[in-house]
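S.K.: heads up, no residue letters with this:
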């Protein structure tokens, strides 16, 4: 077995920073979404791609891929959102085993109402802390990291 290649002091500081930002930013944005928009982070996560899809309609498995969720998580979250009237499930005409998820009028109204405050919070807590030069570095750097990551645990 190969010996571990430990993080040096600089790498450890950066890694701790990434973990801290991810955890704290997610928590702050979740609280703001709930307070300002009445939506959970999970609801917002699904409403965004649905609101951008033609006719507000996506196949459930495609929606799951878009947000990086497993089938069971999508199924449970969509069921919760159906109960709130944010989405509706429909049969898939191409595959009887598949299902479609449609954004409801209430779901569209919820995302339209929540999005401005959410974007303002993202700007306040993330983008306003960075200079243009930092954004020019961090954007491509994060894209390179994302390109190296598998889309699922199997890769």
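M.R.: On my side now, so go ahead. Just so it is clear, the structure is predicted and the values come from calculations on it, not from any experiment.
S.K.: Which positions in stretch 37-47 come out as buried?
M.R.: 37, 39-40, 42-47 (16 or more other C-beta atoms under 10 Å). The C-beta positions use only the backbone N, C-alpha and C, and glycine is treated the same way.
S.K.: I'd like these written out as CSV, with secondary structure, distance to residue 21 and pLDDT added.
M.R.: Converted to CSV, those look like this (DSSP: H, G, I helix; E, B strand; the rest coil; distance: C-beta to C-beta, whole Å; pLDDT from 0 to 100):
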residue, secondary structure, distance to residue 21, pLDDT
37, helix, 22, 86
39, coil, 22, 96
40, coil, 21, 95
42, helix, 20, 96
43, helix, 23, 97
44, helix, 19, 97
45, helix, 18, 96
46, helix, 23, 97
47, helix, 24, 97
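S.K.: Which members of these are the farthest-apart pair?
M.R.: Maximum pairwise distance in the buried residues of stretch 37-47, criterion C-beta to C-beta, is 13.7 Å, between 37 and 46.
S.K.: Low-confidence bits of the chain, can you list those?
M.R.: Counting by pLDDT under 70, the ranges of the chain that qualify are 1, 96, 152-155.
S.K.: Give me the three-state assignment for the closest residue to residue 90 other than its chain neighbours.
M.R.: Leaving out its chain neighbours, the residue that sits closest to residue 90 by C-beta to C-beta, 6 or more residues apart in numbering is residue 100, at 4.3 Å. Following DSSP: H, G, I helix; E, B strand; the rest coil, residue 100 is assigned to strand.
S.K.: Count the neighbours of residue 100 for me.
M.R.: Other residues lying near residue 100 total 19 when counted by other C-beta atoms under 10 Å.
S.K.: ditto for the one 4 residues further on
M.R.: Neighbouring residues of residue 104 were enumerated by other C-beta under 10 Å; the total is 17.
S.K.: longest helix of the chain?
M.R.: helix 9-32 (DSSP state H).
S.K.: Could you list the buried residues of it?
M.R.: Neighbour-count burial for helix 9-32 flags 29, 32 (criterion: 16+ other C-beta under 10 Å).
S.K.: Go ahead and confirm residue 47 touches residue 104.
M.R.: No. Counting by C-beta atoms under 8 Å, residue 47 sits too far from residue 104 to count as a contact (10.1 Å).
S.K.: Between the two, which contacts overlap?
M.R.: 86-87 (C-beta atoms under 8 Å, 6 or more residues apart in numbering).
S.K.: Contacts for the helix or strand harbouring residue 74, please.
M.R.: Assigned by DSSP states H and E, residue 74 falls within helix 71-83. With C-beta under 8 Å, 6+ apart as the test, helix 71-83 has contacts from 42-43, 46, 60-61, 63-64, 67, 69, 87-89, 101, 107.
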